[in-house]
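[1] everything below, folded, please.
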Amino acid sequence: MRRAESSGVYGRALLCVAFLCFASPGLAAPLDNPASPGTTVEARKQPMRFTWIACEPHCRDWISAVGIVTAETPKAFEDFSAGRDIAGMTVVLDSGGGSVNDAIALGRRWRDLGLRTTVGTSVVAKTVAGDRAAVLPDAYCESMCAFMLLSGKARYVPDGAHVRVHQIWMGDRADDARAASYSADDLMIVERDIGRLAKYTFDMGGGGDLLYLALSIPPWEKLHELSGAELRSTNLVTTDNVADVLPGGGTTDAPVAGLVTKPVQDRFPASVANTAAAGTIVSKQTKTAEAVPTGGVAVATPPAQNP
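    Next comes the predicted model:
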């Protein structure tokens, strides 16, 4: 597989989302490692992992999806969701993007399951009443993440969250895209994946503006952050009501019922290109472009051969 990168600048914003509101740092900690303040930023640079946030009986459970989509991510999601009733649940995204084909496969799977999507950071907050689960908008959804956001049956982006778009590119040459050389096969891969991305966008109900904005920004420029108006014109946002994606989110006394992390396994099939009619993701080796944030590691993997 050949990979592509996008650049982005991480920032912080702390607003009230879901069912808790905090005004000072230190009151909330990321789920993966509450002791480390840099955990959330570092997690965005790692392969995507899924965490089940159980909030019953006062609010509805959700799925935290943090990190970059790789060839292993669709299989990791299948392993994570096995034996769980996740139909109609909400996925909370904090991601720098990733593999085009694998993000498309994952997005189609989420749409088949009727999942809802939003952008945020899942945290455990220390309060006088005890630990509380919450979603804060201190998060970034960049490059292919925007297209995964589009897969949600209902889609909400809180004030303070950042959705940024960029061209896809060959990842092993993204650090110096202008100076790199490209073969006809490289151009074919990118153009093919743009075609797949266009079909996916319209299948998911997205607007042409999303493709236009993304494909207008080359990899040597900063990602374009979508304004509130652009989030609507691209149809990335379908609701301004957080309760449409996190039902029961208005309560402030819901204890943390359980926090279960399913780590990404070490090895999975090389790539995922399609979803089967039955909704099961089918492994298939393929070449694909990729988009990940600057600062991540661009891995040049020997390209797999198509069957």
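[2] backbone torsions only: list them for R155.
    Main-chain dihedrals, R155, degrees, to the nearest 10: phi -130, psi 130.
[3] which residue packs closest to it, ignoring adjacent ones?
    T238 (4.7 Å; C-beta to C-beta, 6 or more residues apart in numbering). All C-beta atoms are positioned from the backbone trio N, CA, C, and that covers glycine.
[4] lowest-confidence helix or strand of this structure?
    Here the helix or strand of the chain ranked lowest by mean pLDDT, DSSP states H and E is strand 272-275, holding a mean of 31.
[5] in what helix or strand does the residue nearest to R155 lie?
    In the assignment (DSSP states H and E), T238 maps to no helix and no strand.
[6] P218: how many residues sit nearby?
    Per other C-beta atoms under 10 Å, the neighbour tally for P218 reads 13.
[7] likewise for D240?
    Counted with other C-beta under 10 Å, the neighbours of D240 add up to 12.
[8] distance of the nearest residue to it once chain neighbours are set aside from T239?
    Using C-beta to C-beta, 6+ apart and skipping residues adjacent in sequence, the residue nearest D240 is Y156, 7.4 Å away. Applying C-beta to C-beta, to the nearest Å, the value for Y156 to T239 is 5 Å.
[9] anything in contact with each of those two?
    Common contact partners of Y156 and T239 (C-beta atoms under 8 Å, 6 or more residues apart in numbering): V245.
[10] more neighbours, those two?
    A direct count of neighbours by other C-beta under 10 Å for Y156 and T239 places Y156 higher, at 26 against 15.
[11] for the longest helix that the chain contains, packing partners?
    Longest helix in the chain, counting residues (DSSP state H): helix 184-203. With contacts defined as 3 or more C-beta pairs under 8 Å, 6 or more residues apart in numbering; DSSP states H and E, helix 184-203 has these neighbours: helix 100-112, helix 144-149, helix 208-215.
[12] and that helix, what's its mean pLDDT?
    Average pLDDT, helix 184-203: 93.
[13] tilt between it and helix 208-215?
    Angle, helix 184-203 to helix 208-215, by axes from the mean of the first three to the mean of the last three C-alpha atoms, to 10 degrees: 150 degrees.
[14] list the buried residues in helix 184-203.
    Buried residues in helix 184-203, defined by neighbour count with 16 or more other C-beta atoms under 10 Å: 186, 189-190, 192-194, 196-197, 200-201.
[15] nearest to S143, of the residues you listed?
    Nearest to S143 among these is L197, at 10.9 Å by C-beta to C-beta.
[16] you'd agree the closest one is up against G208?
    No: between L197 and G208 there is no contact under C-beta atoms under 8 Å: 12.0 Å.
[17] check contacts around the residue nearest to D240.
    116-118, 237-242, 244-245.
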